[in-house]
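Colleague: Curious how this folds, go ahead:
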Amino acid sequence: MAHVTVSRHIRAPQAEVWAVISDIANARKWNKSWRKIEFTSPQTHGIGTTFRATVGDEGDSYQFEVCEWSAPERIAFCPIRDPGEGLYSVTLDSHVFQLREMDGGTYVELTANASAHGIRGRLIAMFFWQGHQREGLEGAVNELADIFEPDEDETEEKSAPEALTD
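Modeller: Predicted coordinates:
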């Protein structure tokens, strides 16, 4: 199995970070590549929740299932594959968020797990897949942090008009 993990400390309580991650309908807040979320199950949270995420400008979509849910610590999204879908050299198995309280905030780990098939798959996983996944995972974790920790420029822009009214 191939995997890659990124982590970040976010200056927000664990319950607040969990609330954002587990709000699948609004996952676009921390995963900018997901353009649209459509539930394909009657439930909208917890294990067994299924949804379709539309990505990119071409409108490609992928189905996921929440395969782990341990509030407020762990949530995993597993791709749902079509029965006739062939095996790729590297197949994504899950994206897993692990949260824990740390230093007055939340330590967030995001891990991508995949299966590598054959020698070619192992080589691709080792030399290419991990770097590609790391870039996407870092983007998601940074976008998640931006929800709670706005850039200094944004903070200054918001406070500047207030200073002018005094």
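
Colleague: Run through the neighbouring helices and strands of the host helix or strand of His132.
Modeller: Applying DSSP states H and E as the criterion places His132 in helix 130-148. With contacts defined as 3 or more Cβ pairs under 8 Å, 6 or more residues apart in numbering; DSSP states H and E, the packing partners of helix 130-148 are strand 2-10, helix 14-21, strand 105-116. (Glycine included, C-beta is placed from N, CA and C.)

Colleague: Nearest to Thr44, out of these?
Modeller: The closest of these to Thr44 is helix 14-21. By Cβ to Cβ, the value is 13.6 Å.

Colleague: what packs against the closest one?
Modeller: Taking 3+ Cβ pairs under 8 Å, 6+ apart as the contact cut, helix 14-21 packs with strand 90-102, strand 105-116, helix 130-148.

Colleague: what angle do that helix and strand 2-10 make?
Modeller: In this structure, helix 14-21 runs at an angle of 130 degrees to strand 2-10, with axes from the mean of the first three to the mean of the last three Cα atoms, to 10 degrees as the basis.

Colleague: Would you mark the buried spots in helix 14-21?
Modeller: Buried residues in helix 14-21, counted by 16 or more other Cβ atoms under 10 Å: 14, 17-18, 20-21.

Colleague: now that helix and strand 90-102, what's the angle there?
Modeller: Computed with the same axes, to 10 degrees, the direction of helix 14-21 lies at 150 degrees from that of strand 90-102.

Colleague: Other residues contacting helix 14-21?
Modeller: Applying Cβ atoms under 8 Å, 6 or more residues apart in numbering, the contact partners of helix 14-21 are 10, 26-27, 29-30, 71-73, 75, 97, 99-101, 106, 108, 144, 147-148.

Colleague: Can you tell me, leaving aside adjacent residues, what's nearest to the spatially most central residue of the chain?
Modeller: The residue at the geometric middle of the chain, judged as the C-alpha nearest the mean C-alpha position with Cα atoms, centre = their mean, is Ala140 (5.4 Å). Distances taken as Cβ to Cβ, 6 or more residues apart in numbering place Asn31 nearest to Ala140, at 5.3 Å, with adjacent residues excluded.
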